[in-house]
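**Student:** Pasting the sequence and the predicted model now:
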Amino acid sequence: MPELPEVEVTRRGFVDRISDARIEAVRVGKPLRWALAVDPARLVGRTVRTVRRRGKYLLLDLDEGLLLMHLGMSGSLRFDAAPPSPGAHDHFDLVTSRGTLRLNDPRRFGAVVFVEDEASPLAIKLLGRLGMEPLGEAFDFDAFHAGLQRRQAAIKQVLLAGDVVVGVGNIYASEALFLAGIRPTVSASRISRPRALRLHAAVREILARAVERGGSTLRDFSNIDGQSGYFQLEATVYGRAGEPCRVCATPIRLLKQGQRSTYFCPVCQKY
């Protein structure tokens with residue numbers, strides 16, 4: 001599943017290309033997770049001002065209205081001046097004066113939704129409960145620590161939930177917890193302020209590094225130009241069960257938390 005780094009890599013790949021482009025046509029293919037919520041013809045003639053990101057959503061600001069895009073489990077975007085004819089898994093084309101933005105999604109869990117603005121009920125439903133953004137100044141440590149103190153669940157599960165901090169997906173949660181020296185099973189409320197400070201810094205570092213490496217490609221993800229990400233190649237614990245820890249040489253362990261795979265070092269992550 002594309003997580004925050006993959007979505008940010010995608011955004012950076014086409015934001016400059018599509019900004020100030022005029023929408024000339026909209027093609028909608030097979031139904032996605034949510035309906036477009038507007039007659040496609042009504043988008044023609046509008047201008048794409050810029051592209052932002054909120055969690056794992058891309059926000060295309062139009063001169064009138066807003067398009068929310070989500071890549072779902074297996075989606076990816078391409079931006080081409082002259083794209084080929086749509087294939088079986090190409091479910092949305094935004095044809096602009098600068099090129100065509102195309103959503104390819106084999107499993108069709110992605111979505112493209114139109115709202116008037118971020119105060120619209122549908123936008124609030126999709127975005128309103130998202131936690132702090134981890135890559136900007138909005139990632140306040142005191143708020144992060146307070147959020148952890150209110151949660152009794154295991155810290156790995158709290159990171160994945162997205163209501164304290166958004167976008168820390170499975171691979172990045174395992175990596176951040178290793179970097180911070182925190183065992184993934186410990187209750188979030190038991191994490192002291194100094195350890196929470198290490199985790200706060202680790203989340204920033206891991207996600208920023210993943211963006212620099214083009215994200216992670218475990219199955220389907222590729223960037224706006226069809227290139228794979230490389231962060232998974234330098235993972236310290238994720239996907240390395242039974243292999244020696246890069247720090248202490250103890251075999252990396254694997255456990256299941258909420259049906260998700262968690263990787264950790266029992267020596268480097270004692271508490």
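**Tutor:** That came through fine.

**Student:** Could you check how far the longest helix that the chain contains is from the centre of its chain?
**Tutor:** Criterion DSSP state H: the longest helix present in the chain is helix 193-212. Relative to its parent chain, helix 193-212 has a centroid offset of 16 Å by CA atoms, centre = their mean, to the nearest Å.

**Student:** can you check stretch 255-271 too?
**Tutor:** Here stretch 255-271 is found 22 Å from its chain centre; the criterion is CA atoms, centre = their mean.

**Student:** outside of that stretch, which residues touch it?
**Tutor:** 154, 156-157, 160, 170, 174, 177-178, 181-186, 195, 237-241, 245, 247-248, 250, 252-254 (CB atoms under 8 Å, 6 or more residues apart in numbering). Where C-beta positions appear, they are placed from N, C-alpha and C, glycine not excepted.

**Student:** next SSE after whichever helix or strand Leu58 is part of?
**Tutor:** Secondary-structure assignment from DSSP states H and E places Leu58 in strand 57-62. Once the chain leaves strand 57-62, the next helix or strand it forms, by DSSP H and E, is strand 66-70.

**Student:** which sections of this protein are below the confidence cut-off?
**Tutor:** 1, 215-232 (pLDDT under 70).

**Student:** pretty sure Glu137 belongs to a helix, no?
**Tutor:** No. Under DSSP: H, G, I helix; E, B strand; the rest coil, Glu137 falls outside any helix and is assigned coil.

**Student:** Look up how far Gly258 lies from it.
**Tutor:** 31 Å (CB to CB, to the nearest Å).

**Student:** Between the two, which has more neighbouring residues?
**Tutor:** Comparing Glu137 with Gly258 by other CB atoms under 10 Å, the one with more neighbours is Gly258, at 12 against 6.

**Student:** re earlier: out of the contacts of stretch 255-271, list just those in strands.
**Tutor:** Arg253, Leu254 (DSSP state E).

**Student:** Are any of the contacts of stretch 255-271 buried, and if so which?
**Tutor:** Those of the contacts of stretch 255-271 that meet the buried threshold are 154, 156-157, 160, 170, 174, 177-178, 181-184, 186, 195, 237-240, 245, 252-254, by 16 or more other CB atoms under 10 Å.

**Student:** residues in contact with Arg17?
**Tutor:** Phe79, Arg98, Gly99.

**Student:** switch the cut-off to 10 Å
**Tutor:** With CB atoms under 10 Å, 6 or more residues apart in numbering as the criterion, the residues that contact Arg17 are Val48, Val51, Phe79, Asp80, Ala81, Thr96, Arg98, Gly99, Leu101, Ile224.

**Student:** ok, Leu130 touching Gly167?
**Tutor:** Yes. With contact defined as CB atoms under 10 Å, Leu130 counts as touching Gly167 (8.6 Å).

**Student:** Need the overlap of contacts for the two.
**Tutor:** Applying CB under 10 Å, 6+ apart, one finds that Leu130 and Gly167 are jointly contacted by Arg54, Gly55, Lys56.

**Student:** Please work out how many residues are found near the closest residue to the second one other than its chain neighbours.
**Tutor:** I take that to be Gly55. Counting by CB to CB, 6 or more residues apart in numbering, the nearest residue to Gly55 once its immediate chain neighbours are dropped is Val166, at 4.0 Å. Other residues near Val166 come to 21 when the count uses other CB under 10 Å.

**Student:** likewise Glu133?
**Tutor:** 17.

**Student:** repeat for the one 5 residues further on
**Tutor:** Neighbour count of Ala138, defined by other CB under 10 Å: 11.

**Student:** That one reaches Met132, doesn't it?
**Tutor:** Yes. In this structure, Ala138 is within contact of Met132 by CB under 10 Å, at 5.4 Å.
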